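>>> Here is my input; please provide its structure:
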Amino acid sequence: MNTFENLVNSINTVMWNYNLIVVLLVVSGIIFTVKTRGVQFRLLAHMCQLLMEKTKVGKNEVSSFQAFCISTASRVGVGNLVGVVAAVSVGGPGAVFWMWVVALLNASTAFIESTIAILHREKDPKGGYRGGAPYFIQKGLNIKWLGVLFVIFAIICWGGVFQVISNSVTESFNTAFGFETNNTALVLVVLSAGVLFGNRNKIVKVLDKLVPFMAVLYLGIVTYIIIKNLGLMADTMSDIFKHAFGIKQFLGGSLGSVVMEGVKRGLFSNEAGSGSAPCAAAAAEVEHPAKQGLIQALGVLVDTVLICSATAFVILLSKGHIAEGSGGMTLLQEAFRYQVGEWGVIFTAVILFLFSFSTILGISFYAKPNLYFLCEKEWPQELFKVFTLIMLYWGGIRQNYLVWNLADLGLGLMTIVNMIGVFPLTSKAIESLKEYEARFFDK
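Now for the predicted structure:
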């Protein structure tokens, strides 16, 4: 076991500690931003309009808005809370600025990979569509074994993510309500099972309602906190920009850690480039591939520029009023306690549960087309549901650092495989964008 652990840690060191994945995704974001002529900036207003469009879909089909909710469910999770706390704790206020930068750049990556996914998707025999990284790797590059590797890496990653999610939820409920971790884990398992083992569209219907509700709830409370502290916002924004480019940080040698911490957390949170979200994009019933690509690009901005920023502002506005030494969910709960009173601790536990539950359902939706890529039979689908519930319970009652490290390993490797597929097919997404703009704008 020690040999295996050492191997996992060594690979993770190369990918994450040496910033291989960070460099890959940042460079990709810059290249795609240039190639699309800054589509995420030029068409931002249009993206928002697309999200509001009403579209009728069949019984087993997924609307464009529902696909957005599914991918947002996976993006908006523990990383938007605990991940942002870690970024600010380690990198300071300046890390927030670099989170914004990486989100703005990688919105173009989300556009490219999602558009490619739609261009190479296939009809689902049960209705609707299925697609994603393994499908465009096979159909676009004719390399099926690489698509199989992506699915294997994804399952490894998702197993670890389920454990991290469950552990965060049980710990926060223990702090807020004094609940035993095993009881909270059991409740999470039962609720998840109720949706996962329902009809095949239940996940979509639940996320269609849950994602807008939890996002509006969280942003509403944070907006109240910002208005309450309006007099401090100018200084807070000033701190973010000063620390992002600070001479003091540069001379002290910490500017690099400020930048890298913000970049890493931004990438972890919005998932652009990892190959997950294209599974949702490919399922959408949409009239043009580029249209869903634009909506997925908007999802990256919603995740980081809105949700992650909200968490960061709560922490920064509470600076100096929280006991030193706090970290993770404890720090966030203490910040909310300072801002809105004792119920703030309960609110953070509840919002973490909602974010986490939506992520569980989002990943479960992603798993379906990936497992069908490996095998058309139904038993792998049912087996994955059981696997999900076991990981949730196991993670809820104990911390397992090897499994968590495997999640990092899976995420890094699936990102590399996804980008191997994306780069050669980029020109097709660019052609789709040009055709879309010519059809809808050049009239």
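>>> Could you give me the buried positions within the one helix or strand S108 maps to?
Using DSSP states H and E, S108 sits in helix 94-119. By neighbour count on 16 or more other CB atoms under 10 Å, the buried set for helix 94-119 is 94-119. The C-beta positions use only the backbone N, C-alpha and C, and glycine is treated the same way.
>>> One more: stretch 304-313?
The neighbour-count check on stretch 304-313 (16+ other CB under 10 Å) flags T304, V305, L306, I307, C308, S309, A310, T311, A312, F313 as buried.
>>> Next step: those residues restricted to helices.
Members of the buried residues of stretch 304-313 lying in helices (criterion: DSSP state H): S309, A310, T311, A312, F313.
>>> Now for the chain, the helix or strand with the poorest mean pLDDT.
Using mean pLDDT, DSSP states H and E, helix 247-251 stands out as the lowest-scoring helix or strand of the chain, at a mean of 45.
>>> Return the longest helix in this structure, judged by number of residues.
Per DSSP H, the chain has its longest helix at helix 401-440.
>>> Are there helices or strands packed against that helix, and which ones?
Helices and strands touching helix 401-440, as assessed by 3 or more CB pairs under 8 Å, 6 or more residues apart in numbering; DSSP states H and E, comprise helix 2-12, helix 20-35, helix 94-119, helix 133-141, helix 144-177, helix 289-301.
>>> so which of the ones you listed comes closest to Y366?
Proximity to Y366 (CB to CB) singles out helix 144-177 among the helices and strands packed on helix 401-440, at 7.5 Å.
>>> Compare the helices and strands packed on helix 401-440 and give me the one nearest V82.
Nearest to V82 among these is helix 144-177; the distance by CB to CB comes to 6.2 Å.
>>> now the angle from that closest one to helix 2-12?
Calculated by axes from the mean of the first three to the mean of the last three CA atoms, to 10 degrees, helix 144-177 forms an angle of 100 degrees with helix 2-12.
>>> Past helix 144-177, which element shows up next along the chain?
Counting by DSSP H and E, the element after helix 144-177 in chain order, helix or strand, is helix 181-196.
>>> Pull out the buried positions in that following helix.
T181, T184, A185, L186, V187, L188, V189, S192, V195, L196.
>>> Please apply the same query to stretch 201-220.
Across stretch 201-220, burial judged by 16+ other CB under 10 Å covers N201, I203, V204, V206, L207, D208, L210, V211, M214, A215, Y218, L219.
>>> Go through those and flag which are in strands.
Using DSSP state E, no member of the buried residues of stretch 201-220 falls in strands.
>>> Pick the one among those closest to G131.
Closest approach to G131 among the buried residues of stretch 201-220 (CB to CB): V204, at 15.6 Å.
>>> list the contacts for that closest one?
V62, Q66, C69, I70, F365 (CB atoms under 8 Å, 6 or more residues apart in numbering).
>>> Quick check: pLDDT value at the third one.
Translated: C69. Model confidence at C69, expressed as pLDDT, equals 72.
>>> do the same with the first one
Looking at V62, its pLDDT stands at 68.
>>> before we move on, what about the one 4 residues further on?
At Q66, the pLDDT value in this model is 74.
>>> what does the helix or strand following the helix holding S108 rub up against?
Later in the chain than helix 94-119, the nearest helix or strand by DSSP H and E is strand 122-123. Applying CB under 8 Å, 6+ apart, the external contacts of strand 122-123 come out as Y129, R130, G131, Y135, K139.
>>> picking up where we left off before, would you convert the buried residues of stretch 304-313 into CSV that also reports distance to V350 and pLDDT?
Formatted as CSV, these follow (distance: CB to CB, whole Å; pLDDT from 0 to 100):
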residue, distance to V350, pLDDT
T304, 22, 80
V305, 24, 82
L306, 19, 84
I307, 16, 83
C308, 19, 82
S309, 20, 85
A310, 15, 87
T311, 15, 86
A312, 20, 86
F313, 19, 88
